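Student: have a look at this prediction, sequence included:
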Amino acid sequence: MAVHMHREMDRLRERLLRLCGEVEGQLHKAIEAVLKRDPQLADEVESSDRKIDAAEVDIEEECLTILTLHQPVAADLRFLVSVLKINNDLERIGDLAVNIARKARTLSQYPPIRLPFDLSEMWGKAQVMLRNSVDSLVNCDLDLAIDVCRQDEAVDAQKRMIREHVERMIQETPDLVRPLLQVLAISRNLERVADHATNIAEDVIYMVRGQIARHAGPTVPSKEDPTKGQIA
């Protein structure tokens, strides 16, 4: 029975990783739609969202089936609980990609705006956080998960900087208020992507160590810690 359960959990891990890849691809395409002012790319992101929604439902059902049939405990139970939460975060990131794509479509209707900041830099930081959170899941890498959590403040600071610039630009050029508000909304969505990446990293910390890092914040395990990098 245990062998059968672990085989099913391995398949579940593979499905979750495929969903991670699809979500990251959606985000990349949405940002490309913004930077290239391409409404067709934006349409592709929105039309592909149903696939991510369906995958999220399938993974959740598979988790519940394993829980019901095998009643796992300890590390196996923590793994399934983490998958359920990460699955939800990935679906929400997919929704944020759709939001960004819709803003891209609106922005494409206006002349280009010269911005005093680089929106792609913020995307780069959020993308690294998402990719590293997934890598920490694949490799049960506690240090990498903790590092993702620590990167969140840098993205928050960048969003605050963008908001200050946009507010100043709106005051100076009120005729650009609508496209500037789209830019501000995109920065908020990217900040939320970073938040969800942090959630995934926190779930990895819980999965590996059984430590809930959501409020107290994670602590780096010592090199002598024999449980580091292990699911126990």
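Tutor: Looks like it came in fine.
Student: excluding its backbone neighbours, what's nearest the spatially most central residue of the chain?
Tutor: For the chain, A197 is the residue whose C-alpha lies nearest the centre (CA atoms, centre = their mean; 4.0 Å). Nearest residue to A197, sequence neighbours excluded (CB to CB, 6 or more residues apart in numbering): M129, at 4.0 Å. Quick note: C-beta positions are derived from backbone N, CA and C, even for glycine.
Student: hey, where'd the helices end up in the chain?
Tutor: Ranges of helices in the chain, per DSSP state H, are 2-35, 39-70, 74-107, 119-139, 142-172, 177-209.
Student: burial measure for R15, as a count.
Tutor: 16 (other CB atoms under 10 Å).
Student: OK, contacts around it?
Tutor: 55, 58-59, 62 (CB atoms under 8 Å, 6 or more residues apart in numbering).
Student: which one of these sits closest to M5?
Tutor: Distance to M5 across those (CB to CB) is lowest for E62, with 11.9 Å.
Student: that closest one and G25, how far apart?
Tutor: Distance, E62 to G25, by CB to CB, to the nearest Å: 22 Å.
Student: who has more neighbours out of the two?
Tutor: Between E62 and G25, counting by other CB under 10 Å, E62 is the more crowded of the two (19 against 14).
Student: skip the chain neighbours and tell me the closest residue to the more buried one.
Tutor: In this structure, E62 finds its nearest non-sequential neighbour in L12, 5.6 Å apart by CB to CB, 6+ apart.
Student: and Y110, by the same measure?
Tutor: Leaving out its chain neighbours, the residue that sits closest to Y110 by CB to CB, 6+ apart is P179, at 4.3 Å.
Student: likewise for N132?
Tutor: V148 is the one closest to N132 (CB to CB, 6+ apart), at 5.0 Å.
Student: quick check: the one you found touching N199?
Tutor: No - between V148 and N199 there is no contact under CB atoms under 8 Å: 9.8 Å.
Student: more neighbours: which of those two?
Tutor: V148 (29 against 21).
Student: look up how far V177 lies from the more buried one.
Tutor: Distance, V148 to V177, by CB to CB: 35 Å.
Student: before we move on, what about A185?
Tutor: When A185 is compared with V177 (using CB to CB), they lie 12 Å apart.
Student: any stretches of this protein with poor pLDDT?
Tutor: Low-confidence segments of the chain (pLDDT under 70): 1, 214-232.
Student: if you set the cut-off to 50 instead, what comes out?
Tutor: In the predicted model, the chain carries pLDDT under 50 at residues 217-232.
Student: returning to that earlier point: the residue nearest to E62: neighbouring residues, count only.
Tutor: So L12, with other CB under 10 Å, has 19 neighbours.
Student: that one: what's it in contact with?
Tutor: L12 neighbours (CB under 8 Å, 6+ apart): 59, 62-63, 66, 80, 83.
Student: try A42
Tutor: Contact analysis of A42 by CB under 8 Å, 6+ apart lists 30, 33, 101-102, 104-105, 108.
Student: for V155, same thing?
Tutor: By CB under 8 Å, 6+ apart, the neighbours of V155 are 122, 125-126, 129, 190-191, 194.
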